[in-house]
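Colleague: Quick one: sequence and predicted model below, then my questions.
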Amino acid sequence: MIHIQSLKFSYRQNRPLFEDLNLHLEAGHIYGLLGKNGAGKSTLLKQIAGLLFPDGGTCKVLNYTSAQRQPALLREVFLVPEEFFLPKVSIHTYVKSYAPFYPRFDEQAFYSYLKEFAIPQDQQLTNMSYGQKKKVIISFALATNTKVLIMDEPTNGLDIPSKSQFRKVIAAAVTDDKCIVISTHQVRDLDNLIDSIVIIDDHKIIFNQSVGSVTDKLSFKLLTQLDDRLPVLYADSNLRGHAVVMKNVNMEQSRIDMELLFNAILSNRQSIQELFN
């Protein structure tokens with residue numbers, strides 16, 4: 001569905017952001033795109049959406065070259081940006097103006113999402129808080145029913161109950177013909193939501209695995225003491241003990257700690273990559 005091959009891009013000459021970046025994402029999945037600040041998460045999403053153009057390589061979405069921004073592609077891609085502008089109109093006017101660009105827009109579903117997020121339907125958009133505006137954009141994005149849904153830091157501005165509601169509506173939205181990509185630096189917000197993990201660092205994709213593959217290969221535990229005899233790949237020590245990522249030699253089932261996994265891959269990349277390769 002999304003195929004990126006040998007992608008190169010830079011904002012400044014001789015300072016590449018991406019070098020030979022390769023990524024293949026398929027329908028029927030919710031991908032979590034993780035990376036440090038400045039790693040290029042937002043830029044990569046804009047490449048997929050056709051808002052930025054590669055200096056080299058290719059970025060194809062649904063067999064279209066995203067940079068060409070063909071109408072047949074644009075109606076199947078929706079990007080929820082981290083920073084956004086909403087016009088000084090009512091919610092009803094906004095829907096009337098923008099919904100026609102998306103042939104499968106479901107107005108009933110849109111207002112149902114607003115109700116779940118407890119957003120009044122008769123407000124002016126500019127009179128809303130940032131968190132309320134974010135909920136409107138997310139609701140609209142889901143109602144478009146595009147085959148590719150891209151979300152850049154969607155949980156920014158949401159309170160804890162709203163984050164829980166966000167995970168609920170996103171999980172219900174995925175279908176076999178839809179690809180959802182969510183970028184965030186608040187990795188705990190994606191717990192129990194995504195089914196595949198993509199990590200970008202050092203100008204490249206350094207990790208791209210399903211959650212099932214991660215739990216097969218790795219074990220996440222809290223130990224009272226570290227033991228050199230254990231196959232520990234990464235440890236984060238605190239007052240409660242030692243949160244560790246280990247080789248899953250005994251094929252135990254454990255719950256992924258997304259933040260711990262992210263830090264483990266950045267700290268011990270080679271060992272973990274070898275384990276999956």
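Modeller: All right, it came through fine. Everything numeric here is computed off the predicted structure, so don't read it as measured data.
Colleague: in the lowest-mean-pLDDT helix or strand in the chain, what counts as buried?
Modeller: Of all helical and strand segments in the chain, the minimum by mean pLDDT, DSSP states H and E falls on helix 160-173, at a mean of 89. Neighbour counts over helix 160-173 (16 or more other C-beta atoms under 10 Å) mark S162, K163, Q165, F166, R167, V169, I170, A173 as buried. Backbone N, C-alpha and C define where each C-beta goes, glycine included.
Colleague: cool, stretch 34-49 as well?
Modeller: 34-35, 39-49.
Colleague: Can I get that stretch in CSV? Just the C-alpha atoms.
Modeller: The C-alpha coordinates for stretch 34-49 follow below in CSV (Å, rounded to 0.1, in the frame of the first residue of the first chain):
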residue,chain,number,x,y,z
LEU,A,34,8.5,6.3,16.7
GLY,A,35,11.7,8.4,16.8
LYS,A,36,13.5,11.1,18.7
ASN,A,37,12.6,14.7,18.2
GLY,A,38,14.1,15.8,14.9
ALA,A,39,14.5,12.3,13.5
GLY,A,40,12.1,13.1,10.6
LYS,A,41,8.8,11.6,11.6
SER,A,42,6.7,14.5,10.5
THR,A,43,8.7,14.9,7.3
LEU,A,44,8.2,11.2,6.4
LEU,A,45,4.5,11.5,6.9
LYS,A,46,4.4,14.6,4.6
GLN,A,47,6.3,12.6,2.0
ILE,A,48,3.6,10.0,2.1
ALA,A,49,0.9,12.6,1.9
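Colleague: now the helices for the protein?
Modeller: Assigned helices in the chain, in chain order: 41-49, 71-74, 91-98, 107-116, 130-144, 160-173, 211-217, 258-267, 269-276 (criterion: DSSP state H).
Colleague: Show me the contact partners of the second one.
Modeller: By C-beta atoms under 8 Å, 6 or more residues apart in numbering, the residues outside helix 71-74 that reach it are G50, V61, L62, Y64, S66, F101.
Colleague: The last one now?
Modeller: Contacts made with helix 269-276 from outside it, assessed by C-beta under 8 Å, 6+ apart, are listed as D201, I206, F207, Q209, S213, K217, L218, L233, K247, A264, I265.
Colleague: Would you list the buried entries among these?
Modeller: So, by 16+ other C-beta under 10 Å, the buried ones in the contacts of helix 269-276 are D201, I206, F207, Q209, L218, L233, A264, I265.
Colleague: residues contacting the most centrally placed residue in the chain?
Modeller: Compute the mean C-alpha point of the chain, and by C-alpha atoms, centre = their mean the closest residue is I182, 1.5 Å away. Residues near I182 by C-beta under 8 Å, 6+ apart: I30, Y31, G32, L33, M151, P154, I170, L190, L193, I194.
Colleague: before we move on, the earlier item: what's the farthest-apart pair in the contacts of helix 269-276?
Modeller: Greatest spatial distance in those: D201 and K247, 21.6 Å, computed using C-beta to C-beta.
Colleague: per-residue pLDDT, D227?
Modeller: What the model reports as pLDDT for D227 is 85.
Colleague: quick one on the thing from earlier: any chance of the helices of the chain in a markdown table with distance to Q13 as columns?
Modeller: A markdown table is the format used below for these (distance: least, C-beta to C-beta, whole Å):
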| stretch | distance to Q13 |
| --- | --- |
| helix 41-49 | 16 |
| helix 71-74 | 29 |
| helix 91-98 | 37 |
| helix 107-116 | 44 |
| helix 130-144 | 34 |
| helix 160-173 | 39 |
| helix 211-217 | 38 |
| helix 258-267 | 28 |
| helix 269-276 | 28 |
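Colleague: Can you say which of the ones you listed is nearest to G57?
Modeller: Nearest of the helices of the chain (C-beta to C-beta): helix 41-49, 9.7 Å.
Colleague: between the buried residues of stretch 34-49, which is nearest R255?
Modeller: L34 (17.2 Å).
Colleague: Now do the nearest residue to the closest one once chain neighbours are set aside against D152, distance only.
Modeller: Nearest residue to L34, sequence neighbours excluded (C-beta to C-beta, 6 or more residues apart in numbering): I199, at 4.9 Å. Applying C-beta to C-beta, to the nearest Å, the value for I199 to D152 is 16 Å.
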